[in-house]
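In: Sequence and predicted structure, then a few things I'm wondering about:
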Amino acid sequence: MKRRNDIRNIAIIAHVDHGKTTLVDKILAYTGHFDERDKPVDQFMDQNDLERERGITIVSKNITATYKGVNINIIDTPGHADFGGEVERVLNMADGVLLLVDAFEGPMPQTRYVLSKALSLDKKVVVIVNKVDKDNCRPEEVQEMVFDLMCELEAAEDQLDFPTIYGSAKNGWMGPDYKKQEPDVSYLLDQILEHIPGPQLIEGTLQFQITAIDHSNYIGRIAIGKVNRGTIKAGQMISLVKKDGSIQKLRIKELFGFKGQERESREIISAGDICAVSGIEKFEIGDTISDLESPEAMPPITMDEPTMSMLFTVNNSPFFGKEGKFVTSRQLRDRLMKETEKNLALRVEETESPEVFNVHGRGVLHLSILIETMRRESYELQVGKPRVLTKESPNGKLEPIEELVIDCPDNFSGTVIDMVTKRMGELEKMEPRGGMMHLEFKVPTRGLIGLKNIMLTATAGEAIMYHRFSHYGPWKGEIESRNKGVMIASEPGEAIPFAMNKLQETGHFFIPPGDAIYEGQIVGEHSRENDLVVNLTKAKKLTNIRAAGSDDKVKLPPPKVMSLEQAMEYIADDEYVEITPGHIRLRKILLKESDRKRVANPALVHIKF
Ligand code: GDP
């Protein structure tokens with residue numbers, strides 16, 4: 001097999017904050033692509049706010065560092081299992097991976113999935129134990145933890161024989177011995193050149209599978225991927241083979257390679273290298289750009305199936321359009337359809353109503369990231385309760401089952417097992433590991449909805465939980481859902497402290513006093529099982545001036561404010577989460593109490609607005 005020696009394609013697997021951005025900056029600085037003295041305040045491989053909040057990488061970006069005449073293409077990988085499709089696409093372009101771990105924390109459960117994928121795809125692994133400058137670090141122990149993890153993930157013999165590099169990205173060095181500081185990161189670069197093979201040089205007619213999409217206001221849509229076979233030239237005529245087998249003949253315009261973090265115009269690029277192409281406006285991820293005369297598609301990109309669905313609707317609450325710029329069904333539809341081009345694990349179905357879409361995704365996290373992104377882009381929308389996608393089989397209904405791993409302090413393990421068992425989880429493994437109790441379960445995807453929240457509360461935030469889809473299995477029967485009713489506003493207006501105060505014993509509010517509310521909005525949780533309609537807009541009768549003034553002195557406990565994910569997991573079948581740039585509100589689908597009483601099953605009304 002012929003390999004190119006002038007290129008290395010590598011992916012970095014790292015938990016957020018373990019130092020990936022810092023390391024990439026140092027590599028680019030060392031290889032002269034970028035002068036650290038000119039460094040802007042923002043590091044350029046830096047994640048967006050959302051990623052930082054969630055502790056995972058969502059979008060992948062490419063950069064290229066040139067060292068000893070070799071172009072090292074560094075492909076960023078998304079860290080979370082909910083992005084299984086993304087992970088596989090990215091890893092397919094790489095011939096090896098750098099596993100970067102913090103010398104104190106060690107490998108984190110969130111990176112397990114990506115590492116196991118990389119191992120199963122036969123990628124060579126180079127391990128970097130970073131932050132060895134930290135006082136309480138334990139580099140040797142962490143190296144052993146990585147080794148154990150790789151064994152557990154069934155790494156092949158040559159994969160277990162991985163080189164380990166120690167260093168401090170912050171201080172700009174990497175070397176073979178953590179006790180001996182080196183002057184720079186060249187040791188790491190040499191190890192990459194030595195241990196990670198160059199890409200295969202496959203001769204023959206052109207084949208290039210589109211694995212990512214970019215957009216530029218000047219040149220339009222840009223297709224990114226690795227040239228698998230042959231060569232590609234700027235301005236060349238090609239055949240675009242679509243997923244459905246249809247073929248379009250067209251001319252590509254510009255061709256780009258990567259240099260540092262920039263795209264660089266090129267005339268020709270050959271097999272093994274990563275490139276970007278402009279001029280083909282209509283394409284999808286997975287399409288193959290191939291030879292004009294003898295077009296040949298590459299195997300389709302395999303995707304993890306969606307396991308969950310949610311209704312997305314236009315915002316039709318009384319507060320619609322107050323904050324967002326994009327609020328119509330047309331705008332919602334276009335945005336969702338655009339998302340499906342890049343977000344391969346996402347599916348959007350239209351429904352009988354033009355205002356309602358059924359969106360399928362990989363889990364609550366996957367869907368909540370899309371919603372949060374849209375919210376930041378100034379969209380308004382409402383979403384219904386997440387549902388798992390079941391399948392029919394000759395033996396009855398099947399539902400998605402997940403592997404759930406929880407690490408928690410030993411004294412909480414009883415509570416944790418109890419919680420998961422109540423949700424139809426089955427304990428499969430229990431052993432002390434690294435000072436914590438390590439628990440493994442199989443649990444229906446349904447049982448995970450809302451679990452993280454109550455688990456963190458019950459374990460004082462100390463449980464680390466990680467799950468991934470395992471298989472479809474027989475339906476496990478009903479799982480107990482929310483056992484409390486909600487408090488629903490009966491009148492629109494301003495929530496008055498006096499009125500809220502009177503209800504203090506009745507439940508816990510989700511809103512602060514003074515908030516504008518509408519009829520049918522869920523304003524709090526009832527302490528009992530049934531829903532309760534409450535009037536928060538009634539002020540105390542003004543008998544005299546002093547009495548009116550005393551309203552201000554009412555002391556209320558702080559409202560329980562939910563994150564988007566928490567709200568999505570909280571709502572019942574007949575409720576929506578309303579999302580606007582400035583607010584996350586809960587509401588009944590039917591706002592009027594008389595309507596709710598009239599309809600036998602309010603959860604079914606959403607289609608018929
Ligand atoms: P990323 O989320 O993996 O991209 O992590 P960053 O590169 O943004 O680093 C996260 C934090 O760790 C930042 O505050 C860095 O300054 C710090 N950091 C990165 N590398 C090192 C290191 O080698 N030693 C120490 N002490 N801190 C580091």
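Out: Sure, I can see it.
In: From here on, just use CA atoms for contacts and neighbour counts.
Out: Will do.
In: so what does the lengthiest strand in the chain touch, helix or strand wise?
Out: Assignment by DSSP state E gives strand 396-408 as the longest strand of the chain. Packed against strand 396-408 by the contact rule (3 or more C-alpha pairs under 8 Å, 6 or more residues apart in numbering; DSSP states H and E) you find strand 391-393, strand 436-444, helix 445-448, strand 464-474.
In: And for the first one, what's in contact with it?
Out: Contact partners of strand 391-393, identified using C-alpha atoms under 8 Å, 6 or more residues apart in numbering, comprise 397-399.
In: Columns distance to the ligand and pLDDT on top of these, output as JSON lines?
Out: Shown next, in JSON lines, are the contacts of strand 391-393 (distance: C-alpha to the nearest ligand atom, whole Å; pLDDT from 0 to 100):
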{"residue": "Lys397", "distance to the ligand": "42", "pLDDT": "94"}
{"residue": "Leu398", "distance to the ligand": "38", "pLDDT": "95"}
{"residue": "Glu399", "distance to the ligand": "35", "pLDDT": "95"}
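In: State the pLDDT value of whatever residue of the stretch 451-600 of the chain ends up closest to the ligand.
Out: Of all residues in the stretch 451-600 of the chain, Ile464 sits closest to the ligand, at 18.3 Å by C-alpha to the nearest ligand atom. pLDDT recorded at Ile464 is 80.
In: List, one by one, the residues from the stretch 401-550 of the chain near the ligand.
Out: For the stretch 401-550 of the chain, no residue is in contact with the ligand (C-alpha under 6 Å from any ligand atom).
In: Would you double-check that Thr340 falls in a strand?
Out: No. Counting by DSSP: H, G, I helix; E, B strand; the rest coil, Thr340 is not part of a strand but helix.
In: which ones are touching the nearest residue to it once chain neighbours are set aside?
Out: By the measure of C-alpha to C-alpha, 6 or more residues apart in numbering, the closest residue to Thr340 outside its immediate chain neighbours is Leu346, 5.7 Å from it. Each residue near Leu346 by C-alpha under 8 Å, 6+ apart is listed here: 306, 339-340, 359-362.
In: Neighbour-wise, which one of the residues you listed leads?
Out: Among the contacts of Leu346, Gly361 has the most neighbours (other C-alpha atoms under 10 Å), with 28 neighbours.
In: surely that residue meets Leu311?
Out: No. If you go by C-alpha atoms under 8 Å, Gly361 and Leu311 don't touch, sitting 11.3 Å apart.
In: How about the contacts made by Tyr576?
Out: Taking C-alpha under 8 Å, 6+ apart as the test, what Tyr576 contacts is 382-385, 586-589.
In: returning to what we had before: comparing the helices and strands packed on strand 396-408, which gets the lowest mean pLDDT score?
Out: strand 464-474 (a mean of 85).
In: quick one: strands adjacent to it?
Out: strand 396-408 (antiparallel) (DSSP bridges).
In: The strand it pairs with to strand 436-444, inter-axis angle?
Out: 170 degrees (axes from the mean of the first three to the mean of the last three C-alpha atoms, to 10 degrees).
In: Name the surrounding residues that touch strand 396-408.
Out: Looking at what lies outside strand 396-408 - C-alpha under 8 Å, 6+ apart - the contacts are 307, 388-392, 436-445, 459, 462-475.
In: now that strand, how far from the centre of its chain.
Out: Put simply, strand 396-408 sits 19 Å off its chain's centre (C-alpha atoms, centre = their mean, to the nearest Å).
In: for that strand, which positions count as buried?
Out: Buried residues in strand 396-408, counted by 16 or more other C-alpha atoms under 10 Å: 398-408.
In: Likewise for stretch 516-529?
Out: Buried, per 16+ other C-alpha under 10 Å, within stretch 516-529: 517-527.
In: for stretch 243-262, same thing?
Out: 243, 247, 249-252, 254-261.
In: with those in mind, which one is nearest to Leu292?
Out: Lys249 (6.8 Å; C-alpha to C-alpha).
In: and the closest one, that's in a helix?
Out: No. If the criterion is three-state DSSP, then Lys249 is strand and not within a helix.
In: who's in contact with it?
Out: Lys249 neighbours (C-alpha under 8 Å, 6+ apart): 237-240, 292.
In: Just the mean pLDDT for the helix or strand containing Ala567, thanks.
Out: According to DSSP states H and E, Ala567 maps onto helix 564-570. Confidence for helix 564-570, expressed as mean pLDDT, is 91.
In: Dump that helix to CSV, restricted to CA.
Out: The C-alpha trace of helix 564-570 is given here as CSV (Å, rounded to 0.1, in the frame of the first residue of the first chain):
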residue,chain,number,x,y,z
LEU,A,564,-33.7,24.6,28.7
GLU,A,565,-32.8,21.0,29.1
GLN,A,566,-34.4,20.8,32.5
ALA,A,567,-37.6,22.4,31.2
MET,A,568,-37.7,20.0,28.2
GLU,A,569,-37.4,17.1,30.6
TYR,A,570,-39.9,18.5,33.1
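In: Check the offset of the next helix or strand after that helix from the chain's centre.
Out: Note on helix 564-570: by DSSP H and E, the next helix or strand toward the C-terminus is strand 575-579. On the basis of C-alpha atoms, centre = their mean, strand 575-579 is displaced by 21 Å from the centre of the chain it belongs to.
In: mind showing which ranges of the stretch 201-350 of the chain have poor pLDDT?
Out: For the stretch 201-350 of the chain, applying pLDDT under 70 flags the ranges 302-304.
In: Grab the nearest non-local neighbour of the residue of it found nearest the ligand.
Out: Nearest to the ligand, among the residues of the stretch 201-350 of the chain, is Gln261, at 15.2 Å (C-alpha to the nearest ligand atom). Of all residues not flanking Gln261 in the chain, Ile63 sits nearest, at 4.7 Å (C-alpha to C-alpha, 6+ apart).
In: which stretch of helix or strand covers the one you found?
Out: Ile63 belongs to strand 62-67, assigned by DSSP H and E.
In: Give me the sheet partners of whatever helix or strand comes next after that strand and which way each runs.
Out: Per DSSP H and E, the first helix or strand lying C-terminal to strand 62-67 is strand 70-76. Strand 70-76 sits in its sheet next to strand 7-14 (parallel), strand 62-67 (antiparallel), going by DSSP bridges.
In: contacts for strand 70-76?
Out: So strand 70-76 is contacted by 5-13, 59-66, 90, 94, 274 (C-alpha under 8 Å, 6+ apart).
In: Now for the buried residues of stretch 243-262: which two are most distant?
Out: So, the buried residues of stretch 243-262 by C-alpha to C-alpha: farthest apart are Ile247 and Gly260, at 34.5 Å.
In: if we can go back for a sec, do you know which of the helices and strands packed on strand 396-408 lies nearest Arg482?
Out: Nearest of those (C-alpha to C-alpha): helix 445-448, 11.8 Å.
In: Could you export the strand holding Ile63 as PDB, CA atoms only?
Out: Presented in PDB, the C-alpha positions along strand 62-67 are these (Å, rounded to 0.1, in the frame of the first residue of the first chain):
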ATOM      1  CA  ASN A  62      -9.700  22.100  10.700                       C
ATOM      2  CA  ILE A  63      -6.300  23.600  11.000                       C
ATOM      3  CA  THR A  64      -3.000  22.600   9.400                       C
ATOM      4  CA  ALA A  65       0.500  22.900  10.800                       C
ATOM      5  CA  THR A  66       3.500  22.400   8.600                       C
ATOM      6  CA  TYR A  67       6.500  20.700  10.300                       C
END
